[in-house]
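# From the sequence below, what's the structure:
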Amino acid sequence: NVNMHIRVESPYVPIDGELAAFRTLTGQKAAQLHRLTQEAATVPRTTLHRFVPARHGKYVFVAFATESDLPVAFATCIIVETGVMSYGIITDFVVLAECRRKGVAHQLVLDIMRRMSDASVLLASGNKQLTLLHVAISSHLISCRKLFEGCGFTLVHGNNGNVTESIYELRLTKTED
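Take a look at the predicted model:
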């Protein structure tokens, strides 16, 4: 259970700008990123996806293995506004199968938390207070639930027998970059 070292790039992209920031990737890097996004597309949509049309943009997180410089994980966090507040919803979260037991997912969650707490994110949120991160996790994905709980997310809805997913949230604290 050795930890793989990763480097995360997390540009802000306007609506429909999905992977424009990674257009320069070629060869094996581009192929591996494509594999991650294809895998993300097969993950069942959660109730939080109903907020996707309300977003004004999102952060795309791509984790690269520092040794090979190849993409090994992919996540997105959309920014949704409700009146005076903005919040982030993690809508995609994929780690390549061969990297799953190497600490990549945990490092990526911590990177998302750090990035979404960054003062510069406020600018992209129209200077509204970005206060919460939400994630919906299918109830059968116990390891995924434990991952987010271990990073400080708390259960706010679900997790009983007849619910197909659980909603977790994390209150963000601002950091200056």
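# Where do the helices of this protein begin and end?
Assigned by DSSP state H, the helices in the chain fall at 27-42, 104-116, 119-124, 142-150.
# list the helices and strands the longest one packs on?
Pointing back at helix 27-42 there. Other elements packing on helix 27-42 under the criterion 3 or more Cβ pairs under 8 Å, 6 or more residues apart in numbering; DSSP states H and E are strand 71-82, strand 85-95. In this view, the C-beta of every residue, glycine as well, is placed from N, C-alpha and C.
# cool, the last one as well?
Using 3+ Cβ pairs under 8 Å, 6+ apart as the contact test, the elements touching helix 142-150 are helix 104-116, strand 129-138, strand 165-171.
# Out of the ones you listed, flag the one nearest residue 42.
Among those, strand 129-138 comes nearest to residue 42, with 13.0 Å by Cβ to Cβ.
# Distance to residue 145 for the helices and strands packed on helix 27-42 - can I get that in TSV?
Formatted as TSV, those follow (distance: least, Cβ to Cβ, whole Å):
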stretch	distance to residue 145
strand 71-82	16
strand 85-95	12
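# Nearest to residue 46, out of these?
That would be strand 85-95 among those, by Cβ to Cβ, at 7.8 Å.
# May I see the buried residues of the closest one?
Buried positions in strand 85-95, judged by neighbour count with 16 or more other Cβ atoms under 10 Å: 86-95.
# Could you give the average pLDDT over it?
Averaging pLDDT along strand 85-95 yields 87.
# returning to what we had before: can you say which of the helices of the chain is nearest to residue 69?
Closest approach to residue 69 among these is made by helix 27-42 (7.1 Å; Cβ to Cβ).
# Show me how far the closest one is from its chain's centre.
Distance of helix 27-42 from the chain centroid (Cα atoms, centre = their mean, to the nearest Å) equals 16 Å.
# Any chance you could list what contacts it?
Contact with helix 27-42 is made by 18-19, 22, 25, 62, 69-74, 76, 92-94, 96, as judged by Cβ atoms under 8 Å, 6 or more residues apart in numbering.
# try 6 Å this time
By Cβ atoms under 6 Å, 6 or more residues apart in numbering, the residues outside helix 27-42 that reach it are 25, 70-71, 74, 92, 94.
# of all those residues, which two lie farthest apart?
70 and 92 (18.5 Å).
# Low-confidence stretches in the chain?
1-2, 15-19, 53-56, 122-130, 159-163, 173-177 (pLDDT under 70).
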